[in-house]
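S.K.: Pasting the sequence and the predicted coordinates here, then a few questions.
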Amino acid sequence: MAKPRSAAASAALRDGLVIASHGRHCLVETPEGERLICHPRGKKSQAVVGDHVKWQASEDEGTIEQVVERKNLFYRQDEIRTKSFAANLDQVLILIAAEPEFSEHQLARALIAAEAERITPIIALNKSDLVVPFERAWARLAPYRRMHQGVLPLSLTASGEVDRATLMKLLAGKRTLVLGPSGAGKSTLINLLVPSASALTNEISYALNSGKHTTTSTTWYWVDVERTTGLIDSPGFQEFGLNHIEPMQLAKLMPDIAEHATDCKFYNCTHLHEPGCGVIAQVDSPARPGAINATRYRIYGELFAELSQSRY
């Protein structure tokens, strides 16, 4: 006679989507739209926003038993720690502004991280209403337009219906992480597309921290009632480490460099000093016009040195 199985053993695993996390707590949404707090099995939480998980009911909460294999994970890594933003993305919308002036170094780092995970990047330049600063910023983005990166001009205001329609065409049916420095207009963009975002954030924060208001690291919002278009808000950042990138991988992850990296005399060319380098030959200068922007090439060199040093 077979032994009766315990209630825990007989409980079927259920599917869920991680929509927020804080510490060791995750907020998981079921396919039916119900939400509940789940805790990871074991000591360390490995689930991030955007993860599909298998979870098991435990009283009024749940236990995450398995993280389903991801198609990608967008993250940054410095010498001290790894910071994961979100998993299973279709796009990363990098929002920058005409004012305050954006960092091209940080923009390049975010694009490299997206390229490494095969996530489509979209650059959006906000504050097109500031004519002179916008023209200056737009000119700085010329190399990115030449690389066929999507560069979208925006003027995000509380009533920005034109921009809302444009953004919805880009976002519809996709999972998009919104990334950007403070002051770029990220909150305005989220609130424009998801009017209930502030209330939802408060609700999630209270749920995850047992009644105390806490800003979660990353939060998932559904833009449409059908739940086909996901928008993921992320915290602002000052640094974007790329320690997970090998120095010799770097050229392949910068499209303008990669385009000419196969024209080199040596197969293991670093594109920094070697004779017969196809990349160096294409760097733009007053004396010799080229296809590779000089600032972009300088960023490549600085990143190569940084990543090489971090391995010793």
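M.R.: Structure's in. What do you need?
S.K.: what sits against residue 176?
M.R.: Counting by CB atoms under 8 Å, 6 or more residues apart in numbering, residue 176 makes contact with 89, 90, 91, 92, 93, 122, 170, 230, 231, 232. The way it works is simple: take the backbone N, C-alpha and C, and place the C-beta from them, glycine included.
S.K.: Am I right that it falls within a helix?
M.R.: No: secondary structure assignment (DSSP: H, G, I helix; E, B strand; the rest coil) places residue 176 in strand, not in a helix.
S.K.: related to what we said a few turns ago, possible to save the contacts of residue 176 as TSV with pLDDT?
M.R.: Formatted as TSV, the contacts of residue 176 follow (pLDDT from 0 to 100):
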residue	pLDDT
89	98
90	98
91	97
92	97
93	96
122	95
170	93
230	97
231	96
232	95
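S.K.: Going by distance to residue 146, which of the residues you listed wins?
M.R.: Distance ranking of these against residue 146, using CB to CB, places residue 122 first at 15.9 Å.
S.K.: where does the stretch 101-250 of the chain have low pLDDT?
M.R.: 149, 158-162, 199-216 (pLDDT under 70).
S.K.: where exactly do the helices run in it?
M.R.: Listed from the start of the chain, the stretch 101-250 of the chain has helices (DSSP state H, counting those that start in this stretch) covering 104-116, 131-140, 142-146, 161-171, 186-193, 197-208.
S.K.: As CSV, the ones you listed with mean neighbour count and distance to residue 278 would be great.
M.R.: Shown next, in CSV, are those (neighbours: other CB atoms under 10 Å; distance: least, CB to CB, whole Å):
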stretch, mean neighbour count, distance to residue 278
helix 104-116, 20, 20
helix 131-140, 14, 25
helix 142-146, 16, 17
helix 161-171, 14, 34
helix 186-193, 20, 38
helix 197-208, 16, 47
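S.K.: JSON lines for the ones you listed, including distance to residue 301?
M.R.: Supplementary listing: those in JSON lines, determined by distance: least, CB to CB, whole Å:
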{"stretch": "helix 104-116", "distance to residue 301": "12"}
{"stretch": "helix 131-140", "distance to residue 301": "19"}
{"stretch": "helix 142-146", "distance to residue 301": "15"}
{"stretch": "helix 161-171", "distance to residue 301": "33"}
{"stretch": "helix 186-193", "distance to residue 301": "30"}
{"stretch": "helix 197-208", "distance to residue 301": "40"}
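S.K.: Which one, of these, ends up nearest to residue 255?
M.R.: Of all the helices of the stretch 101-250 of the chain, helix 104-116 sits nearest to residue 255, with 7.6 Å by CB to CB.
S.K.: follow-up on the earlier one: is there a quick ChimeraX command that grabs whichever of the contacts of residue 176 are buried?
M.R.: Once 16 or more other CB atoms under 10 Å is used to decide burial, the buried members of the contacts of residue 176 can be selected in ChimeraX as follows:
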select :89,91,92,93,122,230,231,232
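S.K.: pretty sure residue 175 contacts residue 51?
M.R.: No: using CB atoms under 8 Å as the test, residue 175 is too far from residue 51 to be in contact (11.6 Å).
S.K.: Compare these two (neighbour count), which wins?
M.R.: Neighbours were counted for residue 175 and for residue 51 using other CB atoms under 10 Å; residue 51 has more, 24 against 19.
S.K.: Now that one, what are its backbone angles?
M.R.: Torsion angles at residue 51 (phi, psi; degrees, to the nearest 10) stand at phi -70, psi 140.
S.K.: and if you look at the one 4 residues further on?
M.R.: With angles defined as degrees, to the nearest 10, residue 55 shows backbone torsions of phi -130, psi 160.
S.K.: which ones are touching the closest residue in space to residue 108 that isn't next to it in sequence?
M.R.: Taking CB to CB, 6 or more residues apart in numbering as the measure, residue 108 lies nearest to residue 299, with 5.0 Å between them; neighbours along the chain are not counted. Contact criterion CB under 8 Å, 6+ apart gives 104, 105, 108 as the residues in contact with residue 299.
S.K.: Name the nearest residue to residue 106, sequence neighbours excluded.
M.R.: When the adjacent residues along the chain are set aside, residue 106 lies closest to residue 240, with 5.5 Å between them (CB to CB, 6+ apart).
S.K.: number of nearby residues for that neighbour?
M.R.: The burial count assigned to residue 240 is 20, neighbours taken as other CB under 10 Å.
S.K.: ok so, going back, out of the contacts of residue 299, who's nearest residue 17?
M.R.: The shortest gap between residue 17 and any of the contacts of residue 299 belongs to residue 108, at 31.2 Å (CB to CB).
S.K.: What separation do you get for the closest one and residue 256?
M.R.: Here residue 108 is placed at a distance of 10 Å from residue 256 (CB to CB, to the nearest Å).
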